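Student: pasted the sequence and its predicted model underneath.
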Amino acid sequence: MNSEVIKNFYSELGFPGPYVWEDIQFYEQEGIHNIYLREIDQHLQDGTDILDVGCGTGLVSNLFASRYNSNFTALDFSNSVDYARKFAKTNNIDNVKWIKQDFLKFNTKQKYDTIICCGVLHHIPNYKEALEKIKYLLKPSGQLLLALYNPWGKFLKRYFTIQYHSPILFKDQELNPFELSFTYKQTLQMCSDLQFEAVVPSCRNRFVDLHALFNNQNGGLALYVFRK
């Protein structure tokens, strides 16, 4: 698969979509209810270096940069990062460095305390190379927050029509030009050189594949936490 095709698709789509400052405030005032964002929030802290690989329109980086006094680097190869950068400037979020570049071409000597890669690796044809680069960029004892599709999350789509929450989510799930998916066992094997800490949604960090079966709106997305 040509990466330009994938880049053009997500430049046009602008995933995860537009948002406004009131959306950020909602999380501050009402708490973070989204299971994936809540898990990320539990693993962040002030005074750290954080890399968001495949930031899209920047919701994750802008949300958490407004919550934590840390240094964020957010990278995406699509034009979606332009929206993220503009939002940050408009709302005085000044602790994010925005980079529009293919991650595999990203050159840096910096290492990171936390790397967030949510819903991205399974859209990268050279995912093995990308994952090794992510591991390399982690500091000793650094943590990886990695969210991946699960094949069981796609299973029921063969038999039932899914009612997606938004047209953007529909296009991301149904029309994207390239995607992979990974079982719980496959994910642990890919990251066997890291220490596995947690995964959501799950039952006591097990039965991830079963949970994915009923999480088909998000492709069975599961967020794994690993430590170097």
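Tutor: Okay, I see it. This one's a predicted model, so the numbers in the text were calculated from it and none came from an experiment.

Student: can you give me the helices for this structure?
Tutor: Using DSSP state H, the helices found in the chain span residues 3-13, 21-30, 35-41, 59-67, 80-90, 127-137, 167-174, 184-190, 208-213.

Student: quick one: mean pLDDT over stretch 55-68.
Tutor: Across stretch 55-68, the average pLDDT comes to 97.

Student: follow-up on the earlier one: between the helices of the chain, which gets nearest to Gln101?
Tutor: Counting by CB to CB, Gln101 lies closest to helix 80-90 out of these; the figure is 9.0 Å. Any C-beta I mention is one placed from the backbone N, CA and C, and that applies to glycine too.

Student: tell me the helices and strands packed up against that closest one.
Tutor: For helix 80-90, the helices and strands in contact under the criterion 3 or more CB pairs under 8 Å, 6 or more residues apart in numbering; DSSP states H and E are helix 3-13, helix 59-67, strand 71-76, strand 96-100.

Student: could you rerun that using 10 Å?
Tutor: Under the contact criterion of 3 or more CB pairs under 10 Å, 6 or more residues apart in numbering; DSSP states H and E, the helices and strands touching helix 80-90 comprise helix 3-13, helix 21-30, helix 59-67, strand 71-76, strand 96-100.

Student: now that helix and helix 3-13, what's the angle there?
Tutor: 40 degrees (axes from the mean of the first three to the mean of the last three CA atoms, to 10 degrees).

Student: buried stuff in helix 80-90?
Tutor: Neighbour-count burial for helix 80-90 flags Ser80, Val81, Asp82, Tyr83, Ala84, Arg85, Phe87, Ala88 (criterion: 16 or more other CB atoms under 10 Å).

Student: mind listing what the biggest strand by length in the chain pairs with, with the direction of each?
Tutor: When secondary structure is assigned using DSSP state E, the longest strand within the chain turns out to be strand 138-148. Sheet partners assigned to strand 138-148 using DSSP bridges are listed as strand 112-118 (parallel), strand 222-227 (antiparallel).

Student: quick one: the ones you listed as a markdown table, columns for distance to Gly47, mean neighbour count and mean pLDDT too.
Tutor: Formatted as a markdown table, the strands paired with strand 138-148 follow (distance: least, CB to CB, whole Å; neighbours: other CB atoms under 10 Å; pLDDT from 0 to 100):
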| stretch | distance to Gly47 | mean neighbour count | mean pLDDT |
| --- | --- | --- | --- |
| strand 112-118 | 9 | 23 | 98 |
| strand 222-227 | 18 | 23 | 98 |
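
Student: center of this structure - which residue?
Tutor: Among the residues of the chain, the smallest C-alpha distance to the mean C-alpha position (CA atoms, centre = their mean) belongs to Cys118, namely 1.5 Å.

Student: and it, how far is that from Thr161?
Tutor: Between Cys118 and Thr161 the distance is 26 Å, computed by CB to CB, to the nearest Å.

Student: which ones are touching the residue nearest to the centre of the chain?
Tutor: If you count contacts by CB atoms under 10 Å, 6 or more residues apart in numbering, Cys118 has them with 16, 36-37, 39-40, 52-56, 60, 145-148, 221, 223.
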